[in-house]
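Peer 1: what's the 3D shape of this:
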Amino acid sequence: MVSVSPPALTITLGRKAYRWPLRVCLAALTAGLAVSLSVVSGPRAWDPERARTAIALCGGGAVLVALAAAAWGLLIHRNRLIATIGGDGVTLRRAGREARVPADAVDAVGITWPVADPVLTLWYDPGAAPDAAAVARTEGRAAALFRESSLPEGWAGPVRAAVTGTLGAPWRVVDAEGREVGRPPRDALLRADHILVDDDGVHRDEHSGALLALACGRPLPGGRTVVLRDPHARTLLVFRKGRPWSARVRVYRPDGSPVGELRGAQEPSFHTPDGTLLGTTRRTGDRHVVTGVDARESASLQHKDGGGRRLVRSPSAPEPLRALALALPLAARRADRR
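Peer 2: Now for the predicted structure:
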């Protein structure tokens, strides 16, 4: 019987890596066109001689900025790192240079914090692959390969499968202090009844102190989206604010399916995706109490001495309301800022 080796996986920069050169290029061309049109048409049109001078200066400047942005994007593309994960090891290529890390020299592959934008990292034996330092940024036994913000959407699943399956190496997660982070229990955040949420959006189990989730993104209302991620950077829930004048916050699962929404700023109500009421909030002093449609207390949020909040959810509350209650700290923070 002939065994077939699993196919190797190649990963490199995605479209997001080029977003800033593209934005600068389009903004420069748009500004140049807007200025050119404003000086040759409309009630405030300039005389032909002045208009030609303005178009030459502004249009020429816009073209130069656009060309510089295009050169920036080309430089990113030419210097991009290409990593191939196969059964015999990891191959790194950049700008004509190549380094190969044999499979038996790979300690682990995984991510390093911050959770909001983790870095895909390779841990290996430098003595077995001395050329790797010339291709990737290395520090000791770790080589930083890519930031998540520069990778294609949905990269994590295939890369992890290639690491643990094709390469046969362990998947590792390391925090900002260099400590390895254990894999949290499945649905730990959704099952926890007593949660402490600090001002940085760190969610911990009040009883065990276990890290459950981190809120990533600009806090509402300044930002439009906040993502709750577990310590391994996997998305747990997504909170999206509506229009700037809207007081609604919609909650989504990692697959994009809706959980429901919160309506109102000071005392939000909780609804299913089709609008069915699940519960209401009443604020008494520094405590927010969520009452379900069964007239029982389903959840509560209270300020803690020294900062942060304590979220308590009733085990008898329905699952959608328990999930939506995780948005209550964000809603309360938004209400405090009004």
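Peer 1: in contact with the residue nearest to the spatial centre of the chain, which residues?
Peer 2: What sits nearest the mean C-alpha location of the chain, by Cα atoms, centre = their mean, is residue 116, with 4.8 Å. Residues in contact with residue 116 (Cβ atoms under 8 Å, 6 or more residues apart in numbering) are 214, 216-217, 229. Where C-beta positions appear, they are placed from N, C-alpha and C, glycine not excepted.
Peer 1: name the SS class of it, please.
Peer 2: coil (DSSP: H, G, I helix; E, B strand; the rest coil).
Peer 1: model confidence for it, exactly?
Peer 2: For residue 116, the pLDDT comes out at 92.
Peer 1: from the contacts of residue 116, pick the one nearest residue 120.
Peer 2: residue 229 (15.4 Å; Cβ to Cβ).
Peer 1: what about that closest one, distance to residue 152?
Peer 2: 18 Å (Cβ to Cβ, to the nearest Å).
Peer 1: so these two - more neighbours on which side?
Peer 2: Shown here are residue 229 and residue 152; by other Cβ atoms under 10 Å, residue 229 has more neighbours (22 against 13).
Peer 1: how much space between the more buried one and residue 317?
Peer 2: Counting by Cβ to Cβ - residue 229 and residue 317 are separated by 23 Å.
Peer 1: got it, and residue 254?
Peer 2: Distance from residue 254 to residue 317, by Cβ to Cβ: 21 Å.
Peer 1: give me the more crowded residue out of these two.
Peer 2: Legend: neighbour count by other Cβ under 10 Å for residue 254 and residue 317, higher for residue 317 (22 against 13).
Peer 1: in stretch 37-52, what's buried?
Peer 2: 39, 51 (16 or more other Cβ atoms under 10 Å).
Peer 1: what's the offset of stretch 257-274 from the middle of its chain?
Peer 2: Remark: stretch 257-274 is offset 23 Å from the chain centroid, using Cα atoms, centre = their mean, to the nearest Å.
Peer 1: end-to-end on it?
Peer 2: Using Cα to Cα, to the nearest Å, the gap from the first to the last residue of stretch 257-274 comes to 13 Å.
Peer 1: with stretch 229-236 instead?
Peer 2: End-to-end for stretch 229-236, by Cα to Cα: 5 Å.
Peer 1: repeat that for stretch 237-257.
Peer 2: 10 Å.
Peer 1: number the chain from 17, please
Peer 2: Done: numbering now begins at 17, and the last item shifts to stretch 253-273.
Peer 1: who touches that stretch?
Peer 2: For stretch 253-273, contacts defined as Cβ under 8 Å, 6+ apart pick out 236-237, 239-244, 250-252, 274-281, 284, 339-340, 342-343, 346-347.
Peer 1: over to stretch 302-310?
Peer 2: Against stretch 302-310 from outside (Cβ under 8 Å, 6+ apart): 283, 286, 293-299, 313-319, 333-334, 337, 341, 344, 348.
Peer 1: same thing with stretch 332-346?
Peer 2: Here stretch 332-346 has contacts from 205-206, 211, 213, 231, 235-236, 242, 244, 253, 255, 265, 267, 275-278, 284, 286, 288, 294-295, 297, 304, 306, 308, 312, 314-315, 317, 325, 327, 329, using Cβ under 8 Å, 6+ apart.
Peer 1: can you flag the buried ones in the residues you listed?
Peer 2: Buried among these (16+ other Cβ under 10 Å): 205, 211, 213, 231, 235-236, 242, 244, 253, 255, 265, 267, 275-278, 284, 286, 288, 294-295, 297, 304, 306, 308, 314-315, 317, 325, 327, 329.
Peer 1: which members of those residues are positioned in strands?
Peer 2: 211, 213, 231, 242, 244, 253, 255, 265, 267, 275-278, 286, 294-295, 297, 304, 306, 308, 314-315, 317, 325, 327, 329 (DSSP state E).
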